[in-house]
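Colleague: Provided below are the primary sequence and the corresponding predicted coordinates.
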There are 2 protein chains.
Amino acid sequence: MVAAEHIANLADLLGEGGLLTGRAEMSRYENGARYDAGRAAFVARPASTEAVSTVVAYCTRHSIALVPQSGNTGLVAGSTPDESGTQGVLSLERLRSTFELDLDNRTLRLDAGFRLSEINTRLEPHGLFFPIDLGADPMAGGMVATNTGGARFLRFGDVRRNTLGLKVVLGDETGTVVECGAGLRKDNAGVDWKQLFIGTSGAFGIVTECTFNLERLPQQSATAYLVPRSPEHVTVLLNAMEEQLGTYLSAFEGMSGAAITRTLAHVEALRNPFPGGAVPDYVILAEVSRSWPRRESEQPLETLLEEVLAEAWNMTGEPLQDAFMGPPQEMWALRHALSEGVKSAGYVVGLDLSFRRGGVMPFRAGIIKILASEFPTVTICDFGHIGDGGVHFNLVVAREADGSVDAARVDALRDRVISMSVAQHGASFSAEHGLGRRNQHFYDRYTAPKLKSMAAQLKQATAPGPLGSTRLG
Amino acid sequence: MVAAEHIANLADLLGEGGLLTGRAEMSRYENGARYDAGRAAFVARPASTEAVSTVVAYCTRHSIALVPQSGNTGLVAGSTPDESGTQGVLSLERLRSTFELDLDNRTLRLDAGFRLSEINTRLEPHGLFFPIDLGADPMAGGMVATNTGGARFLRFGDVRRNTLGLKVVLGDETGTVVECGAGLRKDNAGVDWKQLFIGTSGAFGIVTECTFNLERLPQQSATAYLVPRSPEHVTVLLNAMEEQLGTYLSAFEGMSGAAITRTLAHVEALRNPFPGGAVPDYVILAEVSRSWPRRESEQPLETLLEEVLAEAWNMTGEPLQDAFMGPPQEMWALRHALSEGVKSAGYVVGLDLSFRRGGVMPFRAGIIKILASEFPTVTICDFGHIGDGGVHFNLVVAREADGSVDAARVDALRDRVISMSVAQHGASFSAEHGLGRRNQHFYDRYTAPKLKSMAAQLKQATAPGPLGSTRLG
């Protein structure tokens, strides 16, 4: 419990609308995007960096735990309080003043509380966008804290690559504000401190302002579904497409037949795009795009993609079993609906794994066999970013008659898959969602002791107070 | 002085050829690429990560200062010992065993002692390269320690962007070896520790092995020299070319007439490419390239570039005064010779500044006036990476009759330019060479006290011993 005196003081410090304590109004901050649910002592909603600093300083001095929360769209319980009722949520949603576009620098400096969709709507008239492509709609601060990747990583990289500056409130007794980077593309005049706050879920400090690199909006695109002859041919196709298409290739996404089937059944608006409605075992969504309007002298991307697919068709080993081109919007609609579609199928254990690119399909082949024998009622509904080695490895667990799931069985399942992927395939157990409470156990198990002690010392230097949902030290 | 006993012990630990102490044989390790010259107590040449660890552990336990040295091609006295004669040099040049190519992952894991030219020669048969383009020929470890950028940054980014893993020997009493990253493109399972060792010149530890992202070699390219109507039109041209050419644009380099003139005079092999030999005040080298062989259906890049230049010609405000296309190899030969050409002109104060992209030319206009009035005998021979805001701001100082230069005057000059660029233009005083002893003073002046204390704490956690040429805390 947080003492009533502290609640009253925080309410005073934050002013009207700044502190929520009612059960109903706190509910949406206590529940995450998937199955996470906790209990908040309060929800602080500071509206400026200075106010964030004030709250953090007060809470640090009084040892009140704070969990920073941005869009709250993550899947690893990184932005919700635990069940103790002793943690306050610090929401970034009112940090919405600064929004400064620098067209010559192709950068945007903005407060942490803007949502991705909002950012891109505002940028569209300038022909620019923040090139992180997701089904979810997170806020800027949370994208930094988790180092989000998404479906165009192959072409544009992750949030780390596109972050040129951060303003951060450290978790110390004065809520020190530090500026890391000033929107420069090159700067090696010391430690690049912003890197420490990217992907660490607020453990070292709270990101209140970001400077992002922007890219020019695609003006031409073409897409195809590719059906590989076998799982081993997926990497062959990826290499062939990269060789022929270079920077045109902006996405190479894998979708399992199981995920597609469930999504088509659940989302009525989607049309089954496969001949005769027969969903293949595995499908790749490949996209080519260009950021400029087509010149008269330039071959349309559709024709180019057709040519390249025809060549792939004739390659030694016949890696391509089938291919369909179609309207990008429609082809992406299926891809983006997969997450929701899979969720409709049952209780989903959603693992976010990352491999060296050539390692994804061998892992997949191995784990399919293991799960068939050890967890025969589990259905694998994976999809992901094959072009950069990321896989959303979703496991659908059947619910009991009363709607419950066997928690111990779920833990064993998660453990089995992560153990095999990390130990045998050199994978990361968190590709693009950060840690959160859900991954704490695996962090503890797989992180070298020296790196843990370095994290603990760094935590002392930046945020000695109880900040964040994750223990890194 | 380092005691004879320690020298003997280090020689034993390192084995035959591992330790140099003779004045003549140490000379090339004591002198840097430009004017840096120091005096080494010894040169340690370990041939494996384990041997690096042994040397570092010994030196840390006995408080012997070590300066890591890679290719020794930097310009900021980051890899040479100071004049005290008490520092040992730890050379990475014998770390040359591991060289593992992963074609599917498009990555290379290699020891820190391979030179850039060697890396790319070995990769060429595979159609791949490490996309850092420089006049100098550094080694892998030093490229990481300085976070090198280069002339294709605009298209491929810096070493940071292309580093997917590091093995590092920390500067502690056991020479702890840490692995940061395993070649994955996505990994957010904790702190991304490798970021700390990139660009920090070995202050926290010594990079002994790197995993780099590779790119496909350009198969088509076309280049042009553009003469902007005025300095203000440079950014207009950059934006116009990016809008029309997107990812084709792989370089947008600025060259001052003064630098070109001196280089043409000095390097006999170069032909004056300008009509009537009249060198313009400022010239841009623009390159477009593609990583695949030209398809029959595809317009040649020369024609495309011609089209785009014709459009730029007709833009409102007529930003383009003149343009010449020519063979890429010849056009780049001039660009790459500038560094040597400028050096031939006198004593060069070489500043490596970085701005927001739109800020480069306004800074330049301002400083030209200031220097003309305050340092009238100094000649500005700048060139640089306008596409990413980087400028090699070279100032040629006339030598006295006896060949000497006025050191106090040089310091005042350096101070004046850096003060103005940082304070008035938000620049970085180190774009891509790291810190080194030469920038220590500016680091001390411009770094926030809290960030310095964080660096000191981090140093305690990683390298409490006397490691590196730079004090960050």
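Modeller: It's in. Owing to the predicted nature of the structure, the values given are computational and were not obtained by experimental measurement.

Colleague: From what I see, A:Pro293 and A:Arg216 are in contact.
Modeller: No: using C-beta atoms under 8 Å, A:Pro293 is not in contact with A:Arg216; the gap is 10.8 Å. Every residue, glycine included, has its C-beta placed from N, CA and C.

Colleague: and these two? which has more neighbours close in?
Modeller: Per other C-beta atoms under 10 Å in any protein chain shown, whichever of A:Pro293 and A:Arg216 has more neighbours is A:Arg216, with 18 against 10.

Colleague: Just the CA atoms of stretch A:66-85, as PDB, please.
Modeller: Extracted C-alpha coordinates of stretch A:66-85, given in PDB (Å, rounded to 0.1, in the frame of the first residue of the first chain):
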ATOM      1  CA  LEU A  66       6.700   3.300 -10.400                       C
ATOM      2  CA  VAL A  67       6.000   1.400 -13.700                       C
ATOM      3  CA  PRO A  68       6.200   3.700 -16.700                       C
ATOM      4  CA  GLN A  69       3.400   3.100 -19.200                       C
ATOM      5  CA  SER A  70       3.200   4.400 -22.700                       C
ATOM      6  CA  GLY A  71       0.700   3.000 -25.200                       C
ATOM      7  CA  ASN A  72       0.300  -0.200 -23.200                       C
ATOM      8  CA  THR A  73       0.200  -2.300 -26.300                       C
ATOM      9  CA  GLY A  74       3.100  -4.600 -25.400                       C
ATOM     10  CA  LEU A  75       2.800  -8.400 -24.800                       C
ATOM     11  CA  VAL A  76       5.300  -9.000 -22.000                       C
ATOM     12  CA  ALA A  77       3.800  -7.300 -19.000                       C
ATOM     13  CA  GLY A  78       6.300  -4.500 -19.200                       C
ATOM     14  CA  SER A  79       4.000  -1.600 -18.700                       C
ATOM     15  CA  THR A  80       1.400  -2.800 -16.200                       C
ATOM     16  CA  PRO A  81       1.700  -3.000 -12.400                       C
ATOM     17  CA  ASP A  82       2.100  -6.300 -10.700                       C
ATOM     18  CA  GLU A  83      -0.600  -7.700  -8.400                       C
ATOM     19  CA  SER A  84       0.700  -6.300  -5.200                       C
ATOM     20  CA  GLY A  85      -1.200  -3.000  -5.400                       C
END
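
Colleague: May I see the buried residues of it?
Modeller: Judged by neighbour count using 16 or more other C-beta atoms under 10 Å in any protein chain shown, the buried positions of stretch A:66-85 are A:66-82.

Colleague: which one is A:Leu320 nearest to, not counting chain neighbours?
Modeller: For A:Leu320, ignoring the flanking residues on the chain, the nearest one in space by C-beta to C-beta, 6 or more residues apart in numbering or on different chains is A:Ala312 at 4.7 Å.

Colleague: How about the stretch 1-150 of chain A: which residue is closest to chain B?
Modeller: Per C-beta to the nearest C-beta, the residue of the stretch 1-150 of chain A with the smallest distance to chain B is A:Asp104, at 3.0 Å.

Colleague: That residue: neighbouring residues, count only.
Modeller: Residues lying near A:Asp104 (other C-beta under 10 Å) number 16.

Colleague: Can I take it that it is in a helix?
Modeller: No: counting by DSSP: H, G, I helix; E, B strand; the rest coil, A:Asp104 is located in no helix; its state is coil.

Colleague: looking at it, it is touching B:Arg356, isn't it?
Modeller: Yes: with contact defined as C-beta under 8 Å, A:Asp104 and B:Arg356 form a contacting pair (7.3 Å).

Colleague: Which strands and helices lie in contact with the host helix or strand of the residue nearest to A:Leu320?
Modeller: Per DSSP states H and E, A:Ala312 falls inside helix A:301-313. Judged by 3 or more C-beta pairs under 8 Å, 6 or more residues apart in numbering or on different chains; DSSP states H and E, helix A:301-313 is in contact with strand A:220-228, helix A:233-245, strand A:282-290, strand A:320-326.

Colleague: what angle sits between that helix and helix A:233-245?
Modeller: For helix A:301-313 against helix A:233-245, the angle by axes from the mean of the first three to the mean of the last three C-alpha atoms, to 10 degrees is 130 degrees.

Colleague: List the buried residues for helix A:301-313?
Modeller: Applying 16+ other C-beta under 10 Å to helix A:301-313 flags A:301, A:304-305, A:307-309, A:312 as buried.

Colleague: Which one of the residues you listed is nearest to A:Ala423?
Modeller: A:Ala312 (34.5 Å; C-beta to C-beta).

Colleague: Next up, the contacts around the closest one.
Modeller: Counting by C-beta atoms under 8 Å, 6 or more residues apart in numbering or on different chains, A:Ala312 touches A:226, A:237, A:240-241, A:319-320, A:323.

Colleague: Could you export these as a markdown table, including pLDDT, distance to B:Phe197 and neighbour count?
Modeller: Formatted as a markdown table, the contacts of A:Ala312 follow (pLDDT from 0 to 100; distance: C-beta to C-beta, whole Å; neighbours: other C-beta atoms under 10 Å in any protein chain shown):
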| residue | pLDDT | distance to B:Phe197 | neighbour count |
| --- | --- | --- | --- |
| A:Leu226 | 98 | 39 | 26 |
| A:Leu237 | 97 | 36 | 23 |
| A:Ala240 | 96 | 35 | 18 |
| A:Met241 | 96 | 34 | 24 |
| A:Pro319 | 96 | 39 | 21 |
| A:Leu320 | 97 | 42 | 22 |
| A:Ala323 | 96 | 44 | 21 |
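
Colleague: Closest one to A:Pro46 out of these, please.
Modeller: Distance to A:Pro46, by C-beta to C-beta, is smallest for A:Met241 among the contacts of A:Ala312, at 46.9 Å.

Colleague: All set now, cheers.
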